[in-house]
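Visitor: Show me how the following folds:
(2 chains)
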Amino acid sequence: RKEVEQDPGPFNVPEGATVAFNCTYSNSASQSFFWYRQDCRKEPKLLMSVYSSGNEDGRFTAQLNRASQYISLLIRDSKLSDSATYLCVVPHRDDKIIFGKGTRLHILP
Amino acid sequence: GAVVSQHPSWVICKSGTSVKIECRSLDFQATTMFWYRQFPKQSLMLMATSNEGSKATYEQGVEKDKFLINHASLTLSTLTVTSAHPEDSSFYICSARPHRTGTTYEQYFGPGTRLTVT
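Guide: Predicted coordinates:
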């Protein structure tokens, strides 16, 4: 299994719909995880951190499934502005972080 | 707070020349800065970890003599791409970790530098 793996998409979702995507990781010792959002030709921006109990922020919910070693991101009532690439980030040894290749999301009007 | 700047944001250079990219933490001190590279439709790949006052640690496959990193102060790290070639054309992004007790993996990203080598 790759260290961090994501479905590249693209996910084409109508505005207002709910969309979810997962990220699998290989290091069972990882304790915290992150979802970043990256717009085209821009730097990644932290969206949410994910710990054992998951996290919810408005329309965004992140969950951790430690047994199956994946985290998920769910977006409710999707907006056009949610169109972006969502990067899963998993801490690595030596305080480094590993980025997944990202899942592209297109919200359709 | 926690703003990181990069300069230049966009640069075109001729093959064989060197390019220096600066990464600055504007409102905090950063003990550690990271340099990433991102090719089109690829993820960010860590190139090296830069610690203030010490030598950078390079990831496997990254040539330290080609990508010179200097972290001379707690607010500035520079990446110099020496003898650049077209295959070095990429999006270079730095991130900075605050010099304080906090989340181990807390990083703030610069806006990136797009390098095109002709």
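
Visitor: what about the residue nearest in space to the middle of chain B, helix or strand, and which?
Guide: Most central in chain B under Cα atoms, centre = their mean is B:Trp35, positioned 3.4 Å from the mean C-alpha point. Secondary structure assignment for B:Trp35, by DSSP states H and E: strand B:30-38.

Visitor: got the contact list for the residue nearest to the centre of chain B?
Guide: Counting by Cβ atoms under 8 Å, 6 or more residues apart in numbering or on different chains, B:Trp35 makes contact with B:23, B:46-48, B:50, B:67, B:69, B:77, B:79, B:92-94. All C-beta spots, glycine's among them, are computed from the backbone N, C-alpha and C.

Visitor: who wins for neighbours among these?
Guide: The residue in the contacts of B:Trp35 with the most neighbours, by other Cβ atoms under 10 Å in any protein chain shown, is B:Cys94 (31 neighbours).

Visitor: Now for A:Ser49, how many residues are close by?
Guide: Neighbour tally, A:Ser49, other Cβ under 10 Å: 16.

Visitor: again with B:Thr80
Guide: 15.

Visitor: what does B:Thr113 give?
Guide: Residues near B:Thr113, counting by other Cβ under 10 Å, number 22.

Visitor: Show the subsequent helix or strand relative to the helix-or-strand element of chain A with minimal mean pLDDT.
Guide: Counting by mean pLDDT, DSSP states H and E, chain A has its least confident helix or strand at strand A:97-99, which shows a mean of 85. The first helix or strand that comes after strand A:97-99 along the chain, using DSSP H and E, is strand A:103-108.

Visitor: Check whether that following strand comes near chain B.
Guide: No - counting by Cβ under 8 Å from any Cβ of the partner chain, no contacts exist between strand A:103-108 and chain B, the nearest distance being 8.8 Å.

Visitor: buried ones in the strand holding B:Trp35?
Guide: Within strand B:30-38, the residues that count as buried by 16 or more other Cβ atoms under 10 Å in any protein chain shown are B:30, B:32-38.

Visitor: and chain A, which residues reach chain B?
Guide: Residues of chain A lying near chain B by Cβ under 8 Å from any Cβ: A:32, A:34, A:41-45, A:49, A:87, A:89, A:91, A:94-102.

Visitor: run the last query once more with 7 Å
Guide: Applying Cβ under 7 Å from any Cβ of the partner chain, we find that chain A lies next to chain B at A:32, A:43-44, A:87, A:91, A:95-97, A:99-102.
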